[in-house]
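Enquirer: let's see this in three dimensions:
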Amino acid sequence: MAVDSVSPAGSPSDGVRLPAAGRRAGAPQVALVGECMLELQGQAFGSMRQTFGGDTLNTAVYLARCGACTGVRASYVTALGDDAFSSGLIERWVAEGVGVQWVQRLRGRLPGLYLIEVDERGERRFSYWRDSAAARSLFDAERTPLEDALGQIDLLYFSGISLAILPPAGRDRLFGVLQRLRERGASVAFDNNYRPRLWPDPGVARDCYARAYALADLAFVTLDDEAALHGRADVDTALALPCAEVVVKRGADSTLLRSREGERFEVAVEPVAAVDTTAAGDSFAGGYLALRLAGAGAHEAAAFGNRLASRVVQHHGALIPREAMADLLQDLRASAASCSTAPAR
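Expert: Numbering: from 1, shown residues only. Next up, the predicted model:
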């Protein structure tokens, strides 16, 4: 089924396309593809706290929380095992409001595991155990639940890590999904999260990133990751990527935006004392998409994304307690109400 689309009201130069009113029932549906792992927080041979996380899963949770206020649905796409840990992950995602209808359960497999150690400046060091994780086999089956549901998806979000964990054949399948979604009128969003150790060599990664940018309507770009991948990175090169809409995240510095028409905007970041930068960019993307898909302009969406990311970095771990962002969600409801009542232009 083709998904008809129009640009969000009040923003004629936007890159994110929405379903036309009345032509597709229900709230905009976002599918987020990637891997969620078991997370340990602490120091080696010290006390540790167990939770879960992964870049696109973090975005899914924050999008689900924010989307509950703006009328946007988030569903996760991954593969897990048939073990108790995998069942526990699904239970927790459902409790967060994340859809799990496209999650595969693979017999005899397990989720991956990672350890986060945080230094006195709030910067992170990661250790991973993921080589045989179930998510790597997401496209091993001849047909997947995701591929059978393309007509239900308004936007698909994935990252450089989503690509890195897949074997070459799996990456090709994912690129095929993106192409078919674009042909149906849906949107694609790509986050350039780059982890060198996950790739066989930088050349393979650069080729995959070029394919991802060519298929994406919206790119979330971190300059540090672009520099790690290409050896150098600058704002002008990032803003010139072949995506209709580009968001350049620069940590504590202002966020930069480039619209379809080439207009550039700068959105300030609130200075805060960071204790843990885990999921700063992931939460930004979740907040941004929640407003953007509700019809807000890119500047407003980025301003909220910055507020949410600033709140997240003041807490330990990828997923902060919902109550720690309750005031932001209240503000989001008010913003969503104004978007829904604003006349189309």
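Enquirer: strands of the stretch 1-150 of the chain, start to end?
Expert: Counting by DSSP state E, counting those that start in this stretch, the stretch 1-150 of the chain has strands at residues 5-6, 18-19, 29-33, 37-42, 48-53, 73-77, 79-81, 104-106, 113-118, 124-129.
Enquirer: same list (the ones you listed) but as TSV, adding mean pLDDT and mean neighbour count.
Expert: C-beta: built from backbone N, CA, C; applies to glycine. Shown next, in TSV, are those (pLDDT from 0 to 100; neighbours: other Cβ atoms under 10 Å):
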stretch	mean pLDDT	mean neighbour count
strand 5-6	27	16
strand 18-19	47	22
strand 29-33	98	26
strand 37-42	88	19
strand 48-53	90	16
strand 73-77	98	26
strand 79-81	98	22
strand 104-106	98	17
strand 113-118	84	18
strand 124-129	83	12
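Enquirer: from H316, how far off is the most far-flung residue of the chain relative to its centre?
Expert: Ranked by distance from the centre of the chain (Cα atoms, centre = their mean), the top residue is F45, with 32.1 Å. F45 sits at a distance of 19 Å from H316 (criterion: Cβ to Cβ, to the nearest Å).
Enquirer: same question for G34.
Expert: Separation of G34 from H316 (Cβ to Cβ): 22 Å.
Enquirer: ok, now S335?
Expert: For S335, the distance to H316 equals 28 Å [Cβ to Cβ].
Enquirer: among those two, which residue is more densely surrounded?
Expert: Shown here are S335 and H316; by other Cβ atoms under 10 Å, S335 has more neighbours (19 against 15).
Enquirer: my guess is the more buried one contacts G297. True?
Expert: No: between S335 and G297 there is no contact under Cβ atoms under 8 Å: 10.8 Å.
Enquirer: so where's the stretch 101-250 of the chain shaky on pLDDT?
Expert: 122 (pLDDT under 70).
Enquirer: and the helices in it?
Expert: Under the criterion DSSP state H, counting those that start in this stretch, the stretch 101-250 of the chain contains helices at 160-164, 168-184, 202-215, 223-230, 235-239.
Enquirer: give me the buried positions along the fourth one.
Expert: Taking 16 or more other Cβ atoms under 10 Å as the basis for neighbour counts, the residues of helix 223-230 that come out buried are 223, 225-226, 228-229.
Enquirer: now those residues in TSV, with distance to A309?
Expert: Shown next, in TSV, are the buried residues of helix 223-230 (distance: Cβ to Cβ, whole Å):
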residue	distance to A309
L223	15
D225	16
E226	18
A228	20
L229	22
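Enquirer: residue contacts, the nearest residue to A149 once chain neighbours are set aside?
Expert: Closest residue to A149 apart from its sequence neighbours, by Cβ to Cβ, 6 or more residues apart in numbering: W102 at 6.3 Å. Contact analysis of W102 by Cβ atoms under 8 Å, 6 or more residues apart in numbering lists 31, 75-77, 144-146, 149.
Enquirer: could you redo the last one with a cut-off of 10 Å?
Expert: W102 sits next to 31-33, 75-78, 138, 144-149, 152-153 when contact means Cβ atoms under 10 Å, 6 or more residues apart in numbering.
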